[in-house]
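# Show me the folded form of this:
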Amino acid sequence: MASRRRTPSAPQRRKPSDEAPVAAAAKAAVKVRDNGGPKGRSLTSGRPSFPASGERKTAAPDASNSASRKLVPSRRKSRSVARRQAILAAALDEFSQSGFAATRLDDVAVRASVAKGTIYLYFRDKESLFQELVLDMLAPLVSRIQVLGAIEIPVRVLAERMAELFVREVYETRRKDVMRLILLEGRRFPNLAEFYYREVLAPVLTAVRANLKCAVARGEAAPGLARFPQILVAPGLIAVIWSGLFDAYEPLDVRAMMETQIELLFARAGEGGAT
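Coordinates of the predicted model:
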């Protein structure tokens, strides 16, 4: 029996009605998407449109958000600095009122309107708080005196500038209270006295002594003054002690007193040289 050959049947064609609407809709959607179509919406579904696979849409940077992100750390740092300064100011008030020994960090916290634990975020203990108070208030002044001492100017001019600096920046400010605290508490707390000498007095005396040595070589000052620069700064200590003990009974004109001392020290040098 002869085998029958099977003739491949022709593939069925879809009716135009099955394909045309779908293809037309797809082409229309692609065309709309390529041309930028309605923002964020699909024409066919009305739902938000998403990028096709492999297509990445990059949003334009928001300048306001970027600026806000940069301001956040700056504001946080500003608040931290302000909080630290509030603690230091409260500590100065408490130390001045009660003395170093009697001052409690609880009282400092109340005065600064912070929790006691907040103080330990900035300072290790009460002694560290006192030392940072000294540095915060007096270190800038020490730097200015060091700059003065390094300049080649007549020693009398140096003394006059230092006297004016002391009156304006120490005696007429709360820095005077820091100096008084050291004078009152230094003997009982040697660590505080040693710290004050190392960070404040020693740098000042070194700068002044260097200038005085040059002044002696030029014949502007007596040799003993270079050996004992404490003589030049002594009126400042006298003024601080007097203001705390006797100012209520006999106010002291500190500026006039310091000008008198300068006149006594350098009058002969101005007339023709020191002996």
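# Let me know whether A139 touches Y196 as I believe.
No. Applying CB atoms under 8 Å, one finds A139 not in contact with Y196, separated by 11.6 Å. The C-beta positions use only the backbone N, C-alpha and C, and glycine is treated the same way.
# higher neighbour count, the two?
Legend: neighbour count by other CB atoms under 10 Å for A139 and Y196, higher for Y196 (22 against 12).
# The more buried one is in contact with V134, isn't it?
Yes. The criterion here is CB under 8 Å, and Y196 meets it with V134 at 6.2 Å.
# Nearest the middle, which residue of the protein would you pick?
When the chain is reduced to its mean C-alpha position, the closest residue under CA atoms, centre = their mean turns out to be V81, at 6.3 Å.
# how near is that residue to R75?
11 Å (CB to CB, to the nearest Å).
# nearest residue to R84 other than its sequence neighbours?
Excluding the flanking residues, the one nearest R84 by CB to CB, 6 or more residues apart in numbering is Y122, at 5.1 Å.
# Quick check on G219: phi, psi?
Dihedral angles of G219 (phi, psi; degrees, to the nearest 10) stand at phi 80, psi 20.
# residues near it, how many?
Using other CB under 10 Å, G219 is surrounded by 12 other residues.
# How about A91?
As a burial measure, A91 scores 25 neighbours (other CB under 10 Å).
# Point me to the helix or strand that includes it.
In this assignment (DSSP states H and E), A91 forms part of helix 63-102.
# quick one: average confidence on that helix?
Here helix 63-102 scores 84 as its mean pLDDT.
# That helix: which residues count as buried?
83-84, 86-96, 100 (16 or more other CB atoms under 10 Å).
# ditto for stretch 253-265
V254, R255, M257, M258, E259, Q261, I262, L265.
# Quick check: phi and psi at the third one.
Think M257. M257 has phi and psi values of phi -60, psi -40 when expressed as degrees, to the nearest 10.
# For it, list the residues it contacts.
P235, I238, A239 (CB atoms under 8 Å, 6 or more residues apart in numbering).
# List buried residues within the residues you listed.
For the contacts of M257, buried by 16+ other CB under 10 Å: P235, A239.
# Switch the contacts of M257 over to JSON lines; also include distance to R104 and pLDDT.
As requested, those are exported to JSON lines (distance: CB to CB, whole Å; pLDDT from 0 to 100):
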{"residue": "P235", "distance to R104": "35", "pLDDT": "95"}
{"residue": "I238", "distance to R104": "32", "pLDDT": "95"}
{"residue": "A239", "distance to R104": "31", "pLDDT": "96"}
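# low-scoring stretches of the stretch 51-200 of the chain, by residue?
Applying pLDDT under 70 to the stretch 51-200 of the chain flags the ranges 51-72.
# Go again with 90.
The model of the stretch 51-200 of the chain has pLDDT under 90 over residues 51-78, 149-152.
# And the helices in it, which stretches?
For the stretch 51-200 of the chain, helices defined by DSSP state H, counting those that start in this stretch occupy the ranges 63-102, 105-112, 116-122, 126-150, 155-166, 175-185, 190-196.
# Settle this for me: A163 is touching M258, isn't it.
Yes. A163 is in contact with M258 according to CB under 8 Å; the separation is 3.9 Å.
# between those two, what contacts are shared?
With CB under 8 Å, 6+ apart, A163 and M258 have common neighbours P235.
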